[in-house]
Each structure stands twice: as structure tokens, then as C-alpha cells.
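*Asks:* let me see the structure of the following:
(4 chains, ligands or ions: 2)
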Amino acid sequence: MLRFSTDPLANPFYYLDYLDYLLDFVACRYQKLLHPREQEYLINFQYLPKDARALYARLLQRKGNYFRVDRLEYREIEDLDRAIEDLIAQQFLSSIKGQRPDLDVRLRTKAELAKLGALEALNLKKASRGEIDEAVLLKNYPLPFLPIIQLERVGLFELCQYLFFGNRHQNISEFITADLGIFRYETVDLESAQAFDDRSLVDACRLVDHMRGWAALLDKESRKLNRDPDTERTTALAAGLRTLTAMVPVPEDTRNSLLLRGLDKLHLALGQVHERLGLIPEALSCYQHTERAPARERCARLLLKQNQYPEARVVCEQILQHSVDPHERAYASRQLSGPKRTGEASETRRFTTERLILALTEGPSVEQQVINYLSSQNQLAQHTENHLYPGLFGLFFWDIIFAPIAGAFHHPFTRQPADLFEPDFVRCRSDLFRLRFDELSSSRFRAATLAQNWHAKKGLSNPFVAWHSLELDTLEYVVDHTPWPALKAIFERLLSQLQTFRSGFPDLLCMTAEGYRLIEVKGPGDRLQSHQTAWLNFLADLGIPTTVMHIEALIETSGKSG
DNA sequence: ACCTAGCACGCACCA
DNA sequence: TCCCTCGGCG
DNA sequence: TGGTGCGTGCTACGCCGAGGG
Ligand SMILES: [Mn+2]
Ligand SMILES: [Mn+2]
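*Replies:* Ligands and ions are numbered 1, 2, ... in the order given. Here you go, the predicted model:
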């Protein structure tokens, strides 16, 4: 693995080691994807003095692009002014000199503005921060010079980061949290690892990511406008939404799943905002660009709203034919089964249902209170929910999940292979899976693999294994008390669509000497969700005792009235 | 994949 | 005055 | 009354301190 030290005493420039590693990694593997100008800037950067590179690395990790020089305090950087000069000379920083009066206000604290008399002069003693910024700027209140620098070339470093991680949310701090052991990652083979091999694809992915960011902003704005309406802002939002929607690219290379996944989510997000604004036809056309759930369901609902019954019916039939998403399927079958009658569920329930009256208290969760109750009845229960069978899956198939398939891993901080939730994840590893299923039919192999991987991998990130909420004993107990055909069927269902079927498992595992049962707790007002019903039925069909426990609050009859 | 995903909860609306 | 959020940090 | 739809909030490293209310 990587040899780093995050100890600032022993290695004051530890964070620069990380940036250097990342840039070097990118320069080696992605040189062909970088434009000549970009390569040039990266070389210039590496030739800068250490202080300058360190300052840049520090600022790159901070929020925003503008910084007050008088507020910079980094002990390891000996000559700050020199570092700033060097960075400015190579255009990695620029100096803001009076061109941005808004920054002169925004980067000062309220206390500072008060001391300068701005608040008193403009009657802003009780104003909020936002009002102050606006008013001081508007009134052009004279403020003394404030040295401010602007971070430049941010886009280039974002590009490098994107090439390294293959996503927008991981950054240099991964190096630190990993080195400190806060997150631990499986070691993966990075010999020929490349996240991208085509610049236009990188640009497309980054564009889609940016657009999703804007879509998220519009989403937030539309929620706000739903709460307190404002016609002017609604018009502006609709215009922005139209513009953004018109900009959505049509992918040239439809084989790249990273891009397609981003586009799917973008279409869904835009459709939802349109819906919230009541722009039904526009929402429909967004949803029609993707088959990712719940796009088809939203289509059906909107068509119904427009009284286009035959069209809605067709979409529902498509859902039942092509979608595995339990929510979509439940909706579609409800619609197609005609006018609903009470008590008639779309899918017959094969699990049992119980009622339990408890004196519910404030603090602990309903699930915990049921565990306490069961414990008072001498029954041992744990809140395992989505961690039990997926956890077993993760441990039994660990080496297959992290198998060195081409393109699956491209940096050292990988939680999961890039194609984990793609439809052909299993197909690309079909021999491995076939063999493993064979091996697992031996109870001895199951026991050995479970314990072995538990100890060998303990603490390493795996999307299916929640180390903190599980114990080996519990897993061994469940493996011992589940017939292999049932376990196999659960794994196969999981594998049929990992993203969809990794959730919806019952809350509690309740263990006795003879065997276990699974309990989904439903507090007052809580209801079964479609994917929960689907798993409950599936598990019950396998002969695993499965119960929904509806909790009713014990009403206190004595005490104060009212 | 914290620029998410899964879960519970609360309220409105309907027959 | 306290309390809360958020950003910086290892 | 139960069945729905839909919005919200919580939680994910944890500590510390500045800033704001
Ligand atoms: Mn639950
Ligand atoms: Mn529950």
C-alpha cells in the first residue's frame, strides 16, 4: 500500500505529499487526456518552491476561491508572502485589488464591520448577515483596503482529481482519513488502472455532474417556492430549468455506464423539478429519456393526471414487463388491477402479522423498544435490517467483489468496483460466481470462509458489510440455522439486481435455540413499503419465519386530562 | 458514491 | 450569555 | 378507517473554534 505519514510534526507537509502523489498518478496514466496547456501548467506547478505548492494545496482543500491574506496562518509555510508572489507569478493565484467591493464586505466579520462604523452608520445593528452584505455594498460604505487573493487554475486541479477518483465527491482528504485509519480500503490491483481513456468522455461526465449540481439547486429552490410562493422567482426558476434541460447532452458513446448513470439521474432530477412546478408535459419528456426507476412510474402518474388512460396503461404494462423495482411494480399492478377495493393487496401476503401493545417512550427507537420487550420475554433480538444477508453476501463473495477485473478499480480508496451496480456485473465474473456457489454448498466451506474473511477483512470498506452493527457469532448462528438452498436463493435474488435488492430486509433478527425469525417492526403510523413486502414474501416462501409486528401505543388512562 | 440512500414519520386527501 | 452551525483539520 | 401520495428529517470520522443569532 501507500507509504504516507499524516503526522504534522514528523512530516509538516504531509498534505503536499498527497497532492504530489495524485498529480503524479494523473500525469503518468492520463497524460494523453490532458491538453498541452494543462500539461504545461502542471509542470510549472511542480517546479514551484515547496512553500508555494504547499500554500496552494492548503487553499485547494478549503471552501471558496477567495481568501484574506491576513487570515492565512500555516506554520509549516515559512515565507507566506513569498509563496503568494511565486503563485501569482505562475498564475495559480491572483490578487484582488479593489475590483471586488463585495468581497471587501463579505470576507469581514460582523464585528469588524461594526468596529469600522459601518453598521451604526447604515442602521444595521440588528440586521442579518445577508442584509448587511447587501446594504453595505449598496451604500458603498468606504472600507479600508483588505488584501484578498483568488485561487486560479482550480478547474485544472478539479480535472486531475476527477481523473484520479473517477467521481466528484472524493478528494485529497481521502488520503488523510485512510492514513489515519478512519476509513480502510481493500488493496486493489492498480497496475493498468484507468478510469477514462477518452477526453471527450471525461468532459461529458464532468458536464453532466455540473448539471446535476445545478439541478439540485433548482430542486432546492422549487421546494422553497412550494412552501412560500413567489411568482417572480417561479418564473425565473422555470426559465432556468428550461435552459438547463435544453443543455442536456445526448451521449455519443452509449456504452459508457458512468456517463449514462449520470444522465439518468439528471433526467430524473429535472423531471421532478418540472413536476413540482406543474409543468407536466415537460416533466414527461424528461422522464421519457430514462428507464431508471422511478421514471416510468412518474410517467404513468403524469399520464393519468392528464386523463391519458390508455397511454398510462401501456406504461404500467411496460413496468410489469421490464422493471424489477418493487415500488414501480407495486404501483403498476395496483393501477392495472382496476379500481381498488380495501383489504385486497396487489400481492398476497405470505408472512404473518402480529399486534403488540407497548408503553412507548420518547428516547429509544421503536425497534429498540421491541428488542427490549422481547428480551423481557427471554428472547434475544438484534436490529440487523439490511446488514444481515447482505453482510453474509459481502463476506462470502469478498474476493469476487474485489476481483481484479479490467476497469473495476482505478485508485487506492475504492469501496466497490466501478461496475458493481451494472447489469453485467455478474456476467463479467460468472465463472467466479459459479465456482463460489458450488463451494458454498458445503457447510464446512461456509463456516470457514465466513470466519476467515471476517478476521482477514475486518474493518475494510465493503458496501455490503456494516462491521459495527454485526458480530461474527450472529452471522455464524444465521448461517448455521439457514438451509443452504434458502441462503442461495437470497444471494441470487440480491445478485439479480444488487442496487435494488440490497434493501428492504426486516428490522429484527430474533434468535432461539431452534432457529430464528425475522421481524419487521411497524410503529404507529408507519407502513410497509413495497420492497419490504417483496423481501418479506420472498423470505417467507423460503420457509424463514417472517413477521410484521405492528406496535400500538399503550394509552395512559390515568393522570392529567387534556 | 454525503452533489446520496434507506428508513421512519407526519400530514393531506380520498372512498 | 449560551447555543448552534459550519468549516478546517488530522 | 385504511389506503394512498408526498414532503421532511435523520445519519453517515470526530474535535475544535469562529461566527452568527
Ligand atoms: Mn427499519
Ligand atoms: Mn420497521
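
*Asks:* CA atoms for contacts and neighbours, from now on please.
*Replies:* OK.

*Asks:* how about the nearest residue to A:Gln369 once chain neighbours are set aside, what does it touch?
*Replies:* Counting by CA to CA, 6 or more residues apart in numbering, the nearest residue to A:Gln369 once its immediate chain neighbours are dropped is A:Leu360, at 7.4 Å. Counting by CA atoms under 8 Å, 6 or more residues apart in numbering, A:Leu360 makes contact with A:366, A:369, A:553-554.

*Asks:* who wins for most neighbours among those residues?
*Replies:* Using other CA atoms under 10 Å as the neighbour test, these are led by A:Val366, with 18 neighbours.

*Asks:* so what's the closest residue to that one other than its chain neighbours up against?
*Replies:* Distances taken as CA to CA, 6+ apart place A:Gly523 nearest to A:Val366, at 6.3 Å, with adjacent residues excluded. For A:Gly523, the contact set (CA under 8 Å, 6+ apart) comprises A:366, A:550-552.

*Asks:* go through those and flag which are in helices.
*Replies:* Judged by DSSP state H, helices contain the following of the contacts of A:Gly523: A:Val366.

*Asks:* which one of the contacts of A:Gly523 sits closest to DNA strand B?
*Replies:* Nearest to DNA strand B among the contacts of A:Gly523 is A:Val366, at 5.6 Å by CA to the nearest atom of the strand.

*Asks:* what about the helices in the stretch 401-550 of chain A?
*Replies:* Per DSSP state H, counting those that start in this stretch, the stretch 401-550 of chain A carries helices over the ranges A:430-440, A:443-457, A:472-480, A:484-496, A:498-501, A:530-541.

*Asks:* pLDDT score for the residue nearest in space to the middle of chain A?
*Replies:* Nearest residue to the geometric centre of chain A (CA atoms, centre = their mean): A:His169, 8.9 Å. Looking at A:His169, its pLDDT is 90.

*Asks:* ok, back up a step: and the residue nearest to A:Gln369, that one's in a strand?
*Replies:* No: counting by DSSP: H, G, I helix; E, B strand; the rest coil, A:Leu360 falls outside a strand, being coil.

*Asks:* which helices and strands does the helix or strand hosting A:Ser285 pack with?
*Replies:* Per DSSP states H and E, A:Ser285 falls inside helix A:280-287. Helices and strands touching helix A:280-287, as assessed by 3 or more CA pairs under 8 Å, 6 or more residues apart in numbering; DSSP states H and E, comprise helix A:257-276, helix A:295-305.

*Asks:* of all those helices, which lies closest to ligand 2?
*Replies:* Ranking the helices and strands packed on helix A:280-287 by proximity to ligand 2 (CA to the ion) places helix A:295-305 first, at 24.5 Å.

*Asks:* now the residue of the stretch 251-400 of chain A found nearest ligand 2: closest residue in space that isn't a chain neighbour?
*Replies:* Closest to ligand 2 within the stretch 251-400 of chain A is A:Glu367: 6.9 Å, counting by CA to the ion. Nearest non-adjacent residue to A:Glu367, counting by CA to CA, 6+ apart: A:Val521, 6.1 Å away.

*Asks:* now the helices and strands packed on helix A:280-287 in TSV, with mean pLDDT and mean neighbour count?
*Replies:* Shown next, in TSV, are the helices and strands packed on helix A:280-287 (pLDDT from 0 to 100; neighbours: other CA atoms under 10 Å):
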stretch	mean pLDDT	mean neighbour count
helix A:257-276	94	21
helix A:295-305	94	21
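
*Asks:* possible to save those helices as a markdown table with distance to A:His455?
*Replies:* Listed next are the helices and strands packed on helix A:280-287 as a markdown table, based on distance: least, CA to CA, whole Å:
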| stretch | distance to A:His455 |
| --- | --- |
| helix A:257-276 | 33 |
| helix A:295-305 | 42 |
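
*Asks:* tell me which of these sits nearest to DNA strand C.
*Replies:* helix A:257-276 (22.4 Å).

*Asks:* CA-only coordinates of that closest one, as PDB, when you get a sec.
*Replies:* C-alpha atoms of helix A:257-276 as PDB (Å, rounded to 0.1, in the frame of the first residue of the first chain):
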ATOM      1  CA  SER A 257     -22.100   3.400 -17.900                       C
ATOM      2  CA  LEU A 258     -20.700   6.200 -15.800                       C
ATOM      3  CA  LEU A 259     -22.000   8.800 -18.200                       C
ATOM      4  CA  LEU A 260     -25.300   7.000 -18.700                       C
ATOM      5  CA  ARG A 261     -25.900   6.700 -15.000                       C
ATOM      6  CA  GLY A 262     -25.200  10.400 -14.500                       C
ATOM      7  CA  LEU A 263     -27.600  11.300 -17.400                       C
ATOM      8  CA  ASP A 264     -30.300   9.000 -16.000                       C
ATOM      9  CA  LYS A 265     -30.100  10.800 -12.600                       C
ATOM     10  CA  LEU A 266     -30.100  14.100 -14.300                       C
ATOM     11  CA  HIS A 267     -33.200  13.300 -16.300                       C
ATOM     12  CA  LEU A 268     -35.000  12.200 -13.100                       C
ATOM     13  CA  ALA A 269     -33.900  15.300 -11.200                       C
ATOM     14  CA  LEU A 270     -35.100  17.600 -14.000                       C
ATOM     15  CA  GLY A 271     -38.400  15.800 -14.300                       C
ATOM     16  CA  GLN A 272     -39.000  16.100 -10.700                       C
ATOM     17  CA  VAL A 273     -38.500  19.900 -10.600                       C
ATOM     18  CA  HIS A 274     -40.700  20.300 -13.700                       C
ATOM     19  CA  GLU A 275     -43.400  18.300 -11.900                       C
ATOM     20  CA  ARG A 276     -43.100  20.400  -8.800                       C
END
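
*Asks:* counting by contacts, list what it packs against.
*Replies:* Packed against helix A:257-276, as judged by 3+ CA pairs under 8 Å, 6+ apart, are the following elements: helix A:199-227, helix A:231-247, helix A:280-287.

*Asks:* how many neighbours does the residue of the stretch 251-400 of chain A closest to ligand 2 have?
*Replies:* By the criterion of other CA under 10 Å, A:Glu367 has 20 neighbours.

*Asks:* that one: what's it in contact with?
*Replies:* Taking CA under 8 Å, 6+ apart as the test, what A:Glu367 contacts is A:383, A:507-508, A:521.

*Asks:* so which of the residues you listed also contact DNA strand B?
*Replies:* On the criterion CA under 7 Å from any atom of the strand, A:507, A:521 are the entries of these that sit beside DNA strand B.

*Asks:* need the contacts of A:Glu367 in JSON lines (columns: pLDDT and neighbour count).
*Replies:* Compiled in JSON lines, these are given as follows (pLDDT from 0 to 100; neighbours: other CA under 10 Å):
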{"residue": "A:His383", "pLDDT": "95", "neighbour count": "21"}
{"residue": "A:Asp507", "pLDDT": "96", "neighbour count": "22"}
{"residue": "A:Leu508", "pLDDT": "96", "neighbour count": "25"}
{"residue": "A:Val521", "pLDDT": "95", "neighbour count": "24"}
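
*Asks:* what is the nearest of the contacts of A:Glu367 to DNA strand C?
*Replies:* For those, the minimum distance to DNA strand C (CA to the nearest atom of the strand) is 27.3 Å, reached by A:His383.

*Asks:* name the nearest residue to the closest one, ignoring sequence neighbours.
*Replies:* Counting by CA to CA, 6+ apart, A:Leu508 is the residue found nearest to A:His383 once chain neighbours are left out, at 4.6 Å.
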